[in-house]
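Student: build me a model from this:
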Amino acid sequence: MDEIEEIVDRLTEALRDADSGVRSRAAAALGDIGPAAAPFLTEALRDAESSVRWHAADAVGKIGPAAAEAVPILTEALLDPDSAVRRSAADALGKIGRAAVPFLTDTLQDPDSSVRASAADGLQRIGPAAVEAVPFLTRALRDADSNVRKGAADALGSIGTAAVPFLTDALRDPDSSVRWHAANALGKTGPAAIPFLAEALHDPDSSVRWHAADALGKIGPAAAAAGPMLTQALCDADSNVRRRAAYALWKIGSAAATAVPMLTEALCDSDSNVSWHAAEVLGKIGPAAIPCLAEVLRGADNSARWHAADALGKIGPAAIPCLAEALRGADSSVRWHAADALGKIGPAAIPFLAEALRGADSSVRWHAADALGKIGPASVAFLADALRDPDSSVRWHAAEALEKIGPAAAEAVPMLTEALRDPDSSVRWHVAEALEKIGPAAAEGRSVH
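Tutor: Below you'll find the predicted structure:
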């Protein structure tokens with residue numbers, strides 16, 4: 001007898017204990033063991049004590065589809081006099097799969113609303129295979145209990161496009177939580193839901209509006225037709241709605257090009273999540289966004305300028321002139337954000353970053369060194385020169401950048417070896433790390449003085 005069999009034997013013995021608490025614990029433990037325990041749990045589903053029965057049903061649910069043999073007894077448990085047992089049985093059936101659909105649809109009429117809600121949740125877990133439940137779930141959308149209606153909306157969303165006409169009705173439910181569950185569910189059904197979700201962006205309840213925006217984002221580029229409505233939502237009074245609208249436009253991608261002016265305004269949003277997502281979208285849109293981003297870089301809002309620089313870095317080489325101009329601006333924080341952005345563009349940005357390495361502001365110089373390190377081997381000569389910068393933070397950032405480049409930075413070994421005598425220990429430490437990453441060519445210069 002192996003260890004698992006011995007444990008199962010002990011636990012099944014405990015299922016006959018005189019103490020119902022022990023029997024309940026044994027049933028719960030058997031659920032953690034897996035399929036080997038399923039036959040013994042079916043016995044516990046008929047225990048005289050209701051707490052044991054619901055623990056057993058819960059345990060069968062943990063086992064999932066491998067406990068299919070328990071379906072007949074679980075369906076019996078759906079008629080149990082204790083609602084907690086019926087609720088656990090419905091939950092377990094949902095985890096077992098399609099074979100449970102007819103029994104769960106019947107349970108949508110249970111006299112206890114929590115059991116009906118569990119039946120709806122079970123159908124939601126089964127997903128598209130529960131398509132035959134659509135008429136029953138549609139009726140459940142009119143249930144007196146809002147939790148049942150929410151569960152029915154979630155279940156319909158998991159079934160797919162066949163449920164769209166019924167979920168659109170739920171968008172008019174008097175309970176806002178049901179409406180947002182419907183919006184969320186529609187996001188799972190695909191493009192057919194787009195017109196209804198776009199309309200829900202005007203719902204009087206902000207939670208419905210942001211769930212609608214989020215759902216459109218989940219649909220992705222196919223939701224481009226909703227771009228104008230999402231663009232309007234960037235001005236919503238609720239920051240959650242603005243944030244989700246910006247996120248949705250980001251998911252839609254370059255198809256959101258008509259939103260550029262509003263997205264540019266959103267870079268100044270008081271909610272940093274909104275401005276960050278706006279920058280991400282503008283970066284995805286590409287060169288068409290450059291003129292608006294250039295205007296932001298010339299503006300007075302530092303936070304917006306940082307986000308604009310970040311977006312330009314994602315656009316690529318076409319944004320270099322704009323970022324090069326920002327490198328010569330008056331605000332040092334904007335200059336170093338511009339340097340970071342140029343580092344994302346690649347080798348075409350090297351001349352401008354090399355110029356920044358000679359600038360007066362040390363923070364800009366070390367950001368330029370970092371950016372050059374991201375570009376790679378073509379930057380090595382400039383980074384080697386930066387090892388002699390008068391500011392120690394620039395020197396160690398240059399060493400760290402060479403470390404990231406690794407063996408391809410071998411030509412910098414003489415300068416790195418010399419930097420092992422730097423008066424600043426943090427510089428020497430990064431230099432030693434760089435020499436180690438460069439490898440054999442640096443062997444003679446690896447000891448720190």
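
Student: next, Ala18: secondary structure please.
Tutor: When states are read from DSSP: H, G, I helix; E, B strand; the rest coil, the local structure at Ala18 comes out as coil.

Student: and it, backbone torsions?
Tutor: phi -70, psi -20 (degrees, to the nearest 10).

Student: that one and Val260, how far apart?
Tutor: 74 Å (C-beta to C-beta, to the nearest Å). No exception for glycine: its C-beta is placed from N, CA and C like everyone else's.

Student: between the two, which one's more packed in?
Tutor: Just comparing Ala18 and Val260: by other C-beta atoms under 10 Å the higher neighbour count belongs to Val260, 19 against 6.

Student: quick check: the gap between that one and Cys235.
Tutor: Between Val260 and Cys235 the computed distance is 15 Å (C-beta to C-beta).

Student: quick check: mean pLDDT across the strand or helix carrying Arg23?
Tutor: For Arg23, the enclosing helix or strand under DSSP states H and E is helix 20-33. Across helix 20-33, pLDDT averages out at 90.

Student: ditto for stretch 272-282
Tutor: Stretch 272-282 carries an average pLDDT of 86.

Student: relative to the whole chain's centre, how far out is it?
Tutor: Centroid separation for stretch 272-282 versus its chain: 15 Å, with C-alpha atoms, centre = their mean, to the nearest Å.

Student: next, the buried residues of it.
Tutor: Neighbour-count burial for stretch 272-282, with 16 or more other C-beta atoms under 10 Å as criterion, is recorded at Val274, Ser275, Trp276, His277, Ala278, Ala279, Glu280, Val281, Leu282.

Student: for stretch 213-221, same thing?
Tutor: Neighbour counts using 16+ other C-beta under 10 Å place Ala213, Asp214, Ala215, Leu216, Gly217, Lys218, Ile219 of stretch 213-221 among the buried residues.

Student: same check on stretch 345-357?
Tutor: Counting neighbours by 16+ other C-beta under 10 Å, the buried set in stretch 345-357 is Ile345, Ala349, Ile350, Phe352, Leu353, Ala354, Ala356, Leu357.

Student: then stretch 41-48?
Tutor: Neighbour-count burial for stretch 41-48, with 16+ other C-beta under 10 Å as criterion, is recorded at Leu41, Thr42, Ala44, Leu45, Asp47.

Student: what about the residue lying closest to the third one once chain neighbours are set aside, which helix or strand?
Tutor: Looking back up the chat, that one is Ala44. The spatially closest residue to Ala44, leaving aside those adjacent along the chain, is Ala56, at 3.6 Å (C-beta to C-beta, 6 or more residues apart in numbering). Under DSSP H and E, the secondary-structure element containing Ala56 is helix 50-63.

Student: show me what that helix is packed up against.
Tutor: Using 3 or more C-beta pairs under 8 Å, 6 or more residues apart in numbering; DSSP states H and E as the contact criterion, the secondary-structure elements in contact with helix 50-63 are helix 20-33, helix 38-44, helix 71-77, helix 83-96.

Student: what's the closest of those to Ala198?
Tutor: Each of the helices and strands packed on helix 50-63 has some distance to Ala198 by C-beta to C-beta; the shortest is helix 83-96, at 31.8 Å.

Student: after the closest one comes which helix or strand?
Tutor: Using DSSP H and E, the helix or strand that follows helix 83-96 towards the C-terminus is helix 101-107.

Student: in that following helix, which residues are buried?
Tutor: Along helix 101-107, these residues count as buried under the neighbour rule (16+ other C-beta under 10 Å): Val101, Phe103, Leu104, Thr105, Thr107.

Student: can you pull the contacts of the residue lying closest to the second one once chain neighbours are set aside?
Tutor: Put plainly, it is Phe103. In this structure, Phe103 finds its nearest non-sequential neighbour in Thr75, 4.6 Å apart by C-beta to C-beta, 6+ apart. Counting by C-beta atoms under 8 Å, 6 or more residues apart in numbering, Thr75 touches Ala89, Leu93, Ala100, Phe103.

Student: run a quick neighbour tally on the second one.
Tutor: For Leu93, the tally of surrounding residues (other C-beta under 10 Å) stands at 31.

Student: re the thing from before, my read: the residue nearest to Ala44 touches Ala29, true?
Tutor: No - the criterion here is C-beta atoms under 8 Å, and Ala56 misses it with Ala29 at 11.2 Å.

Student: more neighbours: which of these two?
Tutor: The neighbour comparison of Ala56 against Ala29 (other C-beta under 10 Å) goes to Ala56, with 34 against 17.

Student: next one: that one from Ala434, what distance?
Tutor: 63 Å.

Student: also Ala308?
Tutor: 33 Å.
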